[in-house]
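Peer 1: just need the structure, nothing else, for what follows:
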Amino acid sequence: MTARVCVVSLMAAMILILTWGYQASSHPGTDGIRLRCGSVLHTGAVKSENHVGEARRRLELGAFLRVRRERITPEDVGISPGIRRRTPGLRREEVAQLSGIGVAWYTWLEQGRRINPSVQVLDAIARTLKLDRTERDHLYRLADVPSVPPAASAGHPQPPEIQTILDALTPFPASVVSARYDVLAFNDAYAALDPAIVLLPPSERNVLWHLFTVEEHRQPLVEWEQETAFMVAQLRAESGRRLRDAHWAEFVRGLSEASPRFADMWARHEVAASDTRRKSFWTVDGEVLNVITNGFTMAAEPGTKMWIHTPDGDETQRLLTELVRRYREMGAAEMLRQGIRTGRRDGVTH
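Peer 2: From the prediction side, this is the model:
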């Protein structure tokens, strides 16, 4: 009877240790055992779940590449199909050669092996397989790249229908802006509202860079401190979803170096979500426009929004109509030069 009780007690102790986990005492000279609830089973479950998710991602990547490879004919890429071709579409070695990578390496990628393709390699494969923007974004996600590099996105203009919508909104200023505040498209009213930003090359049209680095008499916000702080808080919230994104990290680092005021706001760790806001803008002549700003998420591009500024009063609507007329007649550069406010040089008005 006593032996049976001992066995039962020992089995119970073993179950407790296996279920709760154990940790040897951290105090020298003691022999005690401290229980930690769920540590062994929880850690093992998380590791197993992560391993399964990683394996599935690699298999999905391989399947996606294979299907897209089989969709491209040799004629599509200037290769003679030949007589003895059993493979539908391109062969693996043909994709590798056209992409400038090793055949074995590309084969491993399709087979779901544990390799980490670089951004350059993914770009080359995407070009060879003639992936559209949505397919390219999907490829990056399957390859566990945090986001499509800005350079890749910038190479793809907005669909014509987006520009048609923007133009139809004139004289209301409207633009398409990424989560990082890159200006991707805009209408004439937006250009008339902020001529300085539209004069920049497309790859440099970033609202935050513009507001923190342009000369004070050429930045358009009346409540500069309030609005830029809100935008930086939005950027901080978005960056929390992209902690592994080197492009975002580089953007923040570069702007922090270029603008101590941005660096100070960024260091506050404030976060904010988009909402309807009333804003005031300076015109090139120093008049004030009062608008109501709303952002609408673009279905085809998560994180990208169409921002529309509607007049908050008849006087603002009149001024916007006049600004659009002047922009169409003289262009952004001449508007800035002739503007009573924006045409200043060292405090002197032209």
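Peer 1: show the average pLDDT along stretch 209-219.
Peer 2: Looking at stretch 209-219 alone, the average pLDDT works out to 95.
Peer 1: cool, stretch 308-327 as well?
Peer 2: The predicted model assigns stretch 308-327 a mean pLDDT of 97.
Peer 1: show me what that stretch is in contact with.
Peer 2: With contacts defined as CB atoms under 8 Å, 6 or more residues apart in numbering, stretch 308-327 is touched by 169-174, 188-193, 195, 278-279, 281, 283-284, 287, 289-296, 335. C-beta coordinates here come from the backbone N, C-alpha and C atoms, glycine included.
Peer 1: quick one: low-confidence parts of the stretch 1-150 of the chain?
Peer 2: With pLDDT under 70 as the threshold, the stretch 1-150 of the chain has low-confidence stretches at 1-52, 82-83, 85, 146-150.
Peer 1: rerun that using 90 as the cut-off
Peer 2: Low-confidence segments of the stretch 1-150 of the chain, defined by pLDDT under 90: 1-60, 62, 72-89, 91, 105, 110, 112-121, 123, 132-150.
Peer 1: show me where it has its strands.
Peer 2: If DSSP state E, counting those that start in this stretch is used as the criterion, the strands of the stretch 1-150 of the chain fall at 22-24, 33-35.
Peer 1: how about Ala96, what does it touch?
Peer 2: The neighbours of Ala96, taking CB under 8 Å, 6+ apart as the test, are Gly102, Val103, Trp105, Tyr106, Thr107.
Peer 1: give me the neighbour count for the fourth one.
Peer 2: Other residues within reach of Tyr106, judged by other CB atoms under 10 Å, total 24.
Peer 1: just the third one next, same as before
Peer 2: Each residue near Trp105 was counted by other CB under 10 Å, and the total is 14.
Peer 1: check the gap between it and Met330 for me.
Peer 2: Trp105 sits 55 Å away from Met330, going by CB to CB, to the nearest Å.
Peer 1: for the record, mean pLDDT for the strand ranked longest in the chain?
Peer 2: Ranked by number of residues, the top strand in the chain under DSSP state E is strand 288-297. Confidence over strand 288-297, taken as the mean pLDDT, stands at 96.
Peer 1: check which helices and strands it is in contact with.
Peer 2: Helices and strands touching strand 288-297, by 3 or more CB pairs under 8 Å, 6 or more residues apart in numbering; DSSP states H and E, are strand 277-282, strand 305-311, helix 314-338.
Peer 1: what's the closest of these to Asp123?
Peer 2: When the helices and strands packed on strand 288-297 are compared by CB to CB, strand 305-311 sits nearest Asp123, at 25.8 Å.
Peer 1: which neighbours does that closest one have in its sheet, and in what orientation?
Peer 2: Under the criterion DSSP bridges, strand 305-311 sits next to strand 174-177 (antiparallel), strand 288-297 (antiparallel) in its sheet.
Peer 1: only the buried subset of the contacts of stretch 308-327, as a PyMOL command please.
Peer 2: The following PyMOL line selects those of the contacts of stretch 308-327 that are buried, judged by 16 or more other CB atoms under 10 Å:
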select buried, resi 169+170+171+172+173+174+188+189+190+191+192+193+195+279+281+283+284+289+290+291+293+295+335
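Peer 1: can you tell me what sits against stretch 225-238?
Peer 2: Outside of stretch 225-238, the residues that reach it under the criterion CB under 8 Å, 6+ apart are 179-181, 207-208, 211-212, 221, 252, 261-262, 265-266, 269-274, 277, 279, 303.
Peer 1: keep only those of those residues that are in strands.
Peer 2: Residues of these located in strands (DSSP E): Arg277, Lys279.
Peer 1: drop anything exposed from the contacts of stretch 225-238.
Peer 2: Restricting the contacts of stretch 225-238 to buried positions leaves 179-181, 207-208, 211-212, 221, 252, 261-262, 265-266, 274, 279, with burial counted as 16+ other CB under 10 Å.
Peer 1: quick revisit: contacts for the longest strand of the chain, please.
Peer 2: In contact with strand 288-297 (CB under 8 Å, 6+ apart) are residues 173, 193, 222, 274, 276-283, 304-313, 316, 319-320.
Peer 1: pull that strand out as PDB, backbone CA atoms only.
Peer 2: Provided in PDB are the C-alpha atoms of strand 288-297 (Å, rounded to 0.1, in the frame of the first residue of the first chain):
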ATOM      1  CA  VAL A 288      -5.900  82.000 -45.700                       C
ATOM      2  CA  LEU A 289      -7.900  79.000 -47.000                       C
ATOM      3  CA  ASN A 290     -10.000  77.100 -44.500                       C
ATOM      4  CA  VAL A 291     -10.800  73.500 -45.500                       C
ATOM      5  CA  ILE A 292     -12.200  70.200 -44.100                       C
ATOM      6  CA  THR A 293      -9.800  67.300 -44.800                       C
ATOM      7  CA  ASN A 294     -10.900  63.700 -45.200                       C
ATOM      8  CA  GLY A 295      -8.900  60.600 -46.100                       C
ATOM      9  CA  PHE A 296     -10.300  57.700 -48.100                       C
ATOM     10  CA  THR A 297      -8.400  54.400 -48.100                       C
END
